[in-house]
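Asks: This is a predicted model, with the sequence first.
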Amino acid sequence: MARTCVRGRAIPGKLAMDKLDMMRIFVRIAEEGSFTGAALRLNIQTANASRAVTQLESQLRTRLLHRSTRRLALTEAGQRYLERCERILAYVDEAEAEAANAQVNPSGRLRVHASPSFGQAYVVPALVRYRERYPAVSVELTLSQHTPDIIEAGYDVMIQLSTTELPDSRLVSHRLGDVHNVLCAAPAYLDAHGVPRTVQDLEAHTCLQFVTSFFPRDRWHLNGPSGRETVEFPRSPVEINLPDALSVALREGVGIGALPMSTALAMLGSGALVRVLPEYRLQRLTAYAVHASRKYLDAKIKTFMDYLREAVPKALAADAEALSRAASQA
């Protein structure tokens, strides 16, 4: 089957052409004033150029060109149609150029989702530095404990925490590093109720639970010198789903609670809280940056993912080191 080519796209010679291709051919014919001249410019057969106009006229049910042996001339309807075609094709060319440019130059709105504590501690600083590199990108960051469907919710990138490896799926994920929760309490609480020396000692204390889908509500799994140990306690008298809010309750001396290391560091540094069983950490959470597709990845998504993989592991390592120093000084 013979094939023609308009703007690099092959078109079956004996099938109906794409409407945009026919419009392009018609515009070129009007510019050149002949089927032959347009065919030469478009590198197609003259018969295909003629057939494109015939098909357009058939679909529109109106004549676009007056044909004679010497020249072609636009009809009144053809002149109006030509003007519309030129506008439409200009919009199409602009849209194609913009879409192609999106693969090269980061620009437009980047929609990101993360959990509140991790987002405040690590994603917000990364976004600030990222926009210094790519100011043409605007950012919409949503922080919530709920994990949405990235495609249905329309997010470009999602930061997801998990106790296990993410399952294989339609999503592409990149591991950023590990996050730990540590036990903390106010000095006043420990003065009044004593300092736990072993995991079992926690059973005699008021334990405040950070409510999350990752951890059970009635126990803590702690990793320490003797490996993994578990402490069970009755339902917590105070359950809070945001670490910053939980830290306020702990500062008020309500009990002992588990805080993410980024939240704990600020409280430990100020002396508002102290580490409890500093040689122990709660089970590890792994942070992943997730996006929906690897094919034709938009430049703003690719560059942001690259920056997250550069910046966040360094920040996590720095906090882990600071936490270790605080534990050794406790």
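Replies: Structure received.
Asks: List of residues touching stretch 182-198?
Replies: 201-202, 204-206, 220, 222, 247, 250-259, 261, 264, 267-268, 271-278, 280-282, 323 (C-beta atoms under 8 Å, 6 or more residues apart in numbering). C-beta here means a position set from N, CA and C on the backbone, and glycine is covered the same way.
Asks: Show the end-to-end separation of that stretch, please.
Replies: One end of stretch 182-198 to the other measures 14 Å (C-alpha to C-alpha, to the nearest Å).
Asks: And for stretch 94-114?
Replies: 34 Å.
Asks: Just after the worst-scoring helix or strand of the chain on mean pLDDT, pick out the following helix or strand.
Replies: Across the helices and strands of the chain, mean pLDDT, DSSP states H and E gives its lowest value to strand 9-12, namely a mean of 42. Using DSSP states H and E, the helix or strand that follows strand 9-12 in sequence is helix 19-32.
Asks: Give the closest residue to Glu279 in space, chain neighbours not counted.
Replies: Closest residue to Glu279 apart from its sequence neighbours, by C-beta to C-beta, 6 or more residues apart in numbering: Gly224 at 5.2 Å.
Asks: my read: Phe285 touches Leu161, true?
Replies: Just to correct that, residue 285 is Leu rather than Phe. Yes: between Leu285 and Leu161 a contact is recorded at 4.7 Å, counting by C-beta atoms under 8 Å.
Asks: Flag the shaky bits of the stretch 1-150 of the chain, pLDDT-wise.
Replies: By pLDDT under 70, the weakly predicted segments of the stretch 1-150 of the chain are 1-17, 69, 97-104.
Asks: what comes up buried for stretch 78-96?
Replies: Buried positions in stretch 78-96, judged by neighbour count with 16 or more other C-beta atoms under 10 Å: Gly78, Tyr81, Leu82, Cys85, Leu89.
Asks: Excluding chain neighbours, what is closest to the first one?
Replies: Take Gly78 and drop its neighbours on the chain: the residue closest to it by C-beta to C-beta, 6+ apart is Leu64, 3.6 Å away.
Asks: Now the phi/psi pair for that neighbour, please.
Replies: phi -100, psi -30 (degrees, to the nearest 10).
Asks: all numbers from here: first residue = 783
Replies: New numbering, starting at 783: the last item is Leu846.
Asks: neighbours of it, just the number please.
Replies: 23 (other C-beta atoms under 10 Å).
Asks: give the contact list for it.
Replies: Taking C-beta under 8 Å, 6+ apart, one finds Phe808, Val835, Leu838, Glu839, Leu856, Thr857, Ala859, Gly860, Tyr863, Leu864 in contact with Leu846.
Asks: With secondary structure and distance to Leu892 added, can I get those residues in TSV?
Replies: Output for the contacts of Leu846, formatted as TSV (DSSP: H, G, I helix; E, B strand; the rest coil; distance: C-beta to C-beta, whole Å):
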residue	secondary structure	distance to Leu892
Phe808	helix	40
Val835	helix	45
Leu838	helix	41
Glu839	helix	46
Leu856	strand	46
Thr857	coil	49
Ala859	helix	46
Gly860	helix	45
Tyr863	helix	40
Leu864	helix	40
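Asks: Can you say which of these are buried?
Replies: Phe808, Val835, Leu838, Glu839, Leu856, Gly860, Tyr863, Leu864.
Asks: Please report how far the last one lies from Arg823.
Replies: With the distance defined as C-beta to C-beta, to the nearest Å, Leu864 ends up 16 Å from Arg823.
Asks: Ok, the third one next?
Replies: Relative to Arg823, Leu838 is positioned 18 Å away (criterion: C-beta to C-beta).
Asks: about what we covered before: please render the contacts of Leu846 as TSV that adds distance to Ser897 to the earlier fields.
Replies: TSV is the format used below for these (distance: C-beta to C-beta, whole Å):
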residue	distance to Ser897
Phe808	55
Val835	60
Leu838	56
Glu839	60
Leu856	62
Thr857	64
Ala859	61
Gly860	61
Tyr863	55
Leu864	56
